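Undergrad: Got a predicted structure plus its sequence, pasted below:
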Amino acid sequence: MLALVLTQAPKLAAPAWDAVEVTPEKAQFFSLHLASALRNRGLSVITAQDIAAVLGVERQKQLLGCSEGGSSCMLELSNALGAQLVLTGVVAKLESSYQVNLRVLSGTDGKVVAQEVVRAESQEKLLFALDDASVSLARQLEPKAPPGSARGLAWIPAVGAAAFAVAGGLFYGLALERSATLERMLVPGVTREALAPVVSAGQTFEVLGWAGFGLAAGAGVTALVMFLVGAPPAQVSFFVTPSGLGARGAF
């Protein structure tokens, strides 16, 4: 498998939410609002309307009628839509507030890969809370580098770059201080032998300063390369749909 520098955002199927003491129209509105917010975070979301257009209303109802978290249904739904994940939601009107339970399920085995509970005192505040939830969900769904991978270890040269930069700055500052001292010593009667130690120290600190800056630049470039090239390898799986052969993967 090839390791790619760029990663492709996962595709989420977002069927209609279950509603408790909330009209289907409002539940649909809240669901579409979250879908729009997730798209703004760079995720690809297939809404309930899109699902109905692809699968048909009856087939969608059959799949959504499966037992909660049913892996076979999640697999069939994600395969049919070419989605890696399924976003489910339940919105409820409580005595004086609203609550939305959100879960993102893997289309492979139906396991929960991200979840969020949203609470708000009014419908207007619920919209803002869903915007915040989209940020949290997007963060939870970011590709994670495997332990020990180049990307996962990129912080080491990054810390080294910072340390070298600080050291370079300190030595260069000492070189400037020696230069200022030398200027003050340049008065009639001062011998070359008296100036030699200050000149030598200043030159040494200047060399060390530039060396620190150079090492910082090299370590910084190394960290950047490790982060970009060390992305998780592409994973692709194939499946059969009524219209032919399909493929699903994360890049």
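TA: Everything's here; your move.

Undergrad: Sort out which residues of stretch 23-34 are buried, please.
TA: For stretch 23-34, burial by neighbour count (16 or more other CB atoms under 10 Å) applies to 26, 27, 28, 30, 31, 34. Any C-beta I mention is one placed from the backbone N, CA and C, and that applies to glycine too.

Undergrad: So the first one sits against residue 126, correct?
TA: Read it as residue 26. No: in this structure residue 26 lies outside contact range of residue 126 using CB atoms under 8 Å: 9.7 Å.

Undergrad: would you list the buried residues of stretch 23-34 in CSV and tack on pLDDT and secondary structure?
TA: As requested, these are arranged in CSV below (pLDDT from 0 to 100; DSSP: H, G, I helix; E, B strand; the rest coil):
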residue, pLDDT, secondary structure
26, 94, helix
27, 92, helix
28, 92, helix
30, 94, helix
31, 93, helix
34, 94, helix
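
Undergrad: Which single one of those residues is nearest to residue 138?
TA: Of all those, residue 138 sits closest to residue 34, with 11.1 Å by CB to CB.

Undergrad: Report the contact partners of the spatially closest residue to the closest one that is not a sequence neighbour.
TA: In space, residue 34 comes closest to residue 130 once its chain neighbours are excluded; the distance is 4.7 Å by CB to CB, 6 or more residues apart in numbering. Contact analysis of residue 130 by CB atoms under 8 Å, 6 or more residues apart in numbering lists 30, 33, 34, 37, 100, 118.

Undergrad: how about the helix or strand harbouring residue 130 as PDB, C-alpha atoms only?
TA: Using DSSP states H and E, residue 130 sits in helix 123-140. This file holds the C-alpha atoms of helix 123-140, laid out as PDB (Å, rounded to 0.1, in the frame of the first residue of the first chain):
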ATOM      1  CA  GLN A 123     -33.900  25.900  19.800                       C
ATOM      2  CA  GLU A 124     -31.700  28.800  18.900                       C
ATOM      3  CA  LYS A 125     -29.000  27.900  21.400                       C
ATOM      4  CA  LEU A 126     -29.200  24.300  20.100                       C
ATOM      5  CA  LEU A 127     -28.000  25.500  16.700                       C
ATOM      6  CA  PHE A 128     -24.900  27.000  18.200                       C
ATOM      7  CA  ALA A 129     -24.400  23.900  20.300                       C
ATOM      8  CA  LEU A 130     -24.500  21.800  17.200                       C
ATOM      9  CA  ASP A 131     -21.900  24.000  15.600                       C
ATOM     10  CA  ASP A 132     -19.600  23.300  18.600                       C
ATOM     11  CA  ALA A 133     -20.400  19.600  18.300                       C
ATOM     12  CA  SER A 134     -19.300  19.600  14.700                       C
ATOM     13  CA  VAL A 135     -15.900  20.900  15.700                       C
ATOM     14  CA  SER A 136     -15.600  18.100  18.400                       C
ATOM     15  CA  LEU A 137     -16.800  15.400  16.000                       C
ATOM     16  CA  ALA A 138     -14.400  16.500  13.200                       C
ATOM     17  CA  ARG A 139     -11.500  16.500  15.700                       C
ATOM     18  CA  GLN A 140     -12.400  13.000  16.900                       C
END
